[in-house]
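**Q** The amino acid sequence is not available; the structure is as follows:
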Ligand code: NDP
């Protein structure tokens, strides 16, 4: 028998209140076409925390599969596992796999699942952290930029135009230091786009300058702080950047909501698109009517889970493409805050790591490392 532990919750609530660590054992006799895996790394993403809080767009089913006293679910959308044994010809001991489905429940030391629930990853040249963080943040940036591209000046009714690689077109984003934001900067650079990146001021000027340099190092063309961005001077600065509107900003990425989202919308050119993919400020998006009527700006939302369901093969290509860029040294990892999880790790340590995941001004994304 394999001894295993999993974080579980049986009702929605704050992670510190509702998460518990459950021990169970896994039978050595695998069902047919199944795989037994051990975890290598699993991130703590904002969406996972929202899932525990019960505010996310999809609710995992509560089941008794791992013998919890009450039906429960294990959170965690992404991660990387090593295959320990397999009754499917598609996987062999030592392979690395990532979940093929949303809400797999990666916050656990081991798992048994049908082979169809996994995708094999070529592990050569990659670290567990790189593979564990590939399938949510980078894929979101990749999909949004590829699909919505900064198509400035599209006339009403003409629909979307694909991204013009190497066009030097501008996009603008808030939450630019998030996992998604950092990925968007890098893909933008690789694909010949230019980016304006909004970040929140750090505690000291030096720390803000250091973050600015970090994002510039990833390929950011312009980095502005939120207070510069919200100030009256922004209009002049924007005119300078866009050479008095000759180069319009064709795409806005909204990670934050609230006033920051409105300011993103105001910076866009005629016929531009604003894609909202996150709501970190927990404030609604208010849109000036004139932007809808006179500038024909399109406001859309994006949810990766839906895209993944609709295009399973496309997702695999995208993941392989991104892993290839990482291997080639063309795509950098996000800063992480490693949370060691071994057999003796206390429940409270794991719970605190999750609870802290939604706090602002973090140095890196929390990732369980096994
Ligand atoms: P990270 O954990 O990497 O980064 C969090 C970001 O949010 C940082 O830029 C942080 O800025 C900012 N932030 C935190 N609190 C606030 C606040 N109160 N007001 C403004 N900004 C804040 O996040 P991810 O990249 O993993 O995710 C970012 C967002 O994207 C989340 O809302 C997530 O749910 C969403 N997302 C959506 C997907 C989709 O399919 N729609 C897929 C992937 C992510 P600072 O450092 O200044 O605190």
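**A** Perfect, I can see it now. All of these numbers come straight from a predicted model, not from anything done at the bench.
**Q** Okay, now the sheet partners of the longest strand along the chain, with direction.
**A** As assigned by DSSP state E, the longest strand anywhere in the chain is strand 34-43. With DSSP bridges as the test, strand 34-43 is paired with strand 80-86 (antiparallel), strand 110-114 (antiparallel), strand 365-369 (antiparallel).
**Q** Can it be said to contact the ligand?
**A** No: Strand 34-43 lies apart from the ligand when judged by C-beta under 6 Å from any ligand atom; the minimum separation is 7.9 Å. For the C-beta atoms, the positions are set from N, CA and C on the backbone; glycine is no exception.
**Q** Any buried residues in that strand, and which?
**A** The neighbour-count check on strand 34-43 (16 or more other C-beta atoms under 10 Å) flags 34, 35, 36, 37, 39, 40, 41, 42, 43 as buried.
**Q** Spit out the contact partners of the second one.
**A** Residues in contact with residue 35, defined by C-beta atoms under 8 Å, 6 or more residues apart in numbering, are 83, 85, 86, 87, 88, 91, 97, 112, 113, 114, 115, 118.
**Q** again with the fifth one
**A** Residues in contact with residue 39, defined by C-beta under 8 Å, 6+ apart, are 79, 80, 81, 106, 108, 109, 110, 111, 341, 368, 370.
**Q** Make a markdown table from these and add neighbour count, distance to residue 262 and pLDDT to it.
**A** What follows is the contacts of residue 39, written out as a markdown table (neighbours: other C-beta atoms under 10 Å; distance: C-beta to C-beta, whole Å; pLDDT from 0 to 100):
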| residue | neighbour count | distance to residue 262 | pLDDT |
| --- | --- | --- | --- |
| 79 | 28 | 36 | 98 |
| 80 | 28 | 38 | 98 |
| 81 | 30 | 42 | 98 |
| 106 | 26 | 35 | 98 |
| 108 | 28 | 41 | 98 |
| 109 | 23 | 44 | 98 |
| 110 | 20 | 46 | 98 |
| 111 | 24 | 43 | 98 |
| 341 | 23 | 41 | 98 |
| 368 | 26 | 36 | 98 |
| 370 | 20 | 42 | 98 |
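**Q** For the ligand, what's the nearest residue on the stretch 201-350 of the chain?
**A** residue 278 (2.8 Å; C-beta to the nearest ligand atom).
**Q** Could you check how many residues crowd around that residue?
**A** For residue 278, the neighbour count with other C-beta atoms under 10 Å is 20.
**Q** quick one: the helices in the stretch 151-300 of the chain?
**A** Using DSSP state H, counting those that start in this stretch, the helices of the stretch 151-300 of the chain run over 179-190, 205-218, 226-230, 234-241, 258-267, 289-293.
**Q** Nearest approach to residue 313 belongs to which of these?
**A** Ranking the helices of the stretch 151-300 of the chain by their distance to residue 313 (criterion: C-beta to C-beta) puts helix 179-190 first, at 20.1 Å.
**Q** Let me know the angle separating that closest one from strand 365-369.
**A** 100 degrees (axes from the mean of the first three to the mean of the last three C-alpha atoms, to 10 degrees).
**Q** in helix 179-190, what's buried?
**A** Counting neighbours by 16+ other C-beta under 10 Å, one finds that the buried residues in helix 179-190 are 179, 180, 181, 182, 183, 184, 185, 186, 187, 188, 189.
**Q** show me which of these neighbour the ligand.
**A** Applying C-beta under 6 Å from any ligand atom to these, those adjacent to the ligand are 179, 180, 181.
**Q** Centre-most residue in this structure?
**A** What sits nearest the mean C-alpha location of the chain, by C-alpha atoms, centre = their mean, is residue 137, with 2.4 Å.
**Q** Could you double-check that it sits in contact with residue 178?
**A** Yes: contact criterion C-beta atoms under 8 Å: residue 137 and residue 178 qualify, at 7.4 Å.
**Q** so how far is residue 194 from the nearest residue to residue 62 once chain neighbours are set aside?
**A** Nearest in space to residue 62, with sequence neighbours left out and distances taken as C-beta to C-beta, 6 or more residues apart in numbering, is residue 71 at 3.8 Å. Per C-beta to C-beta, to the nearest Å, residue 71 is found 50 Å from residue 194.
**Q** Please list the residues of this structure that sit near the ligand.
**A** 45-47, 136-137, 140, 175, 177-181, 200, 255-256, 277-281, 302-304, 360-361, 365.
**Q** gap between the two ends of stretch 264-271?
**A** 14 Å (C-alpha to C-alpha, to the nearest Å).
**Q** Can you point out the buried residues in the strand or helix carrying residue 314?
**A** Using DSSP states H and E, the element containing residue 314 is helix 312-327. Using 16+ other C-beta under 10 Å as the test for burial, helix 312-327 gives 315, 318, 319, 322, 323, 325, 326.
**Q** nearest residue to the fourth one other than its sequence neighbours?
**A** By that I understand residue 322. Nearest one to residue 322, counting by C-beta to C-beta, 6+ apart, is residue 138 at 5.0 Å.
**Q** Assign a three-state SS to that neighbour, would you?
**A** helix (DSSP: H, G, I helix; E, B strand; the rest coil).
**Q** what sits against it?
**A** So residue 138 contacts 179, 183, 187, 322, 331 (C-beta under 8 Å, 6+ apart).
**Q** separation between the first one and residue 186?
**A** Residue 179 sits 11 Å away from residue 186 when distances are taken as C-beta to C-beta.
**Q** follow-up on the earlier one: could you single out the most deeply buried of the helices of the stretch 151-300 of the chain?
**A** helix 179-190 (a mean of 24; mean count of other C-beta atoms under 10 Å).
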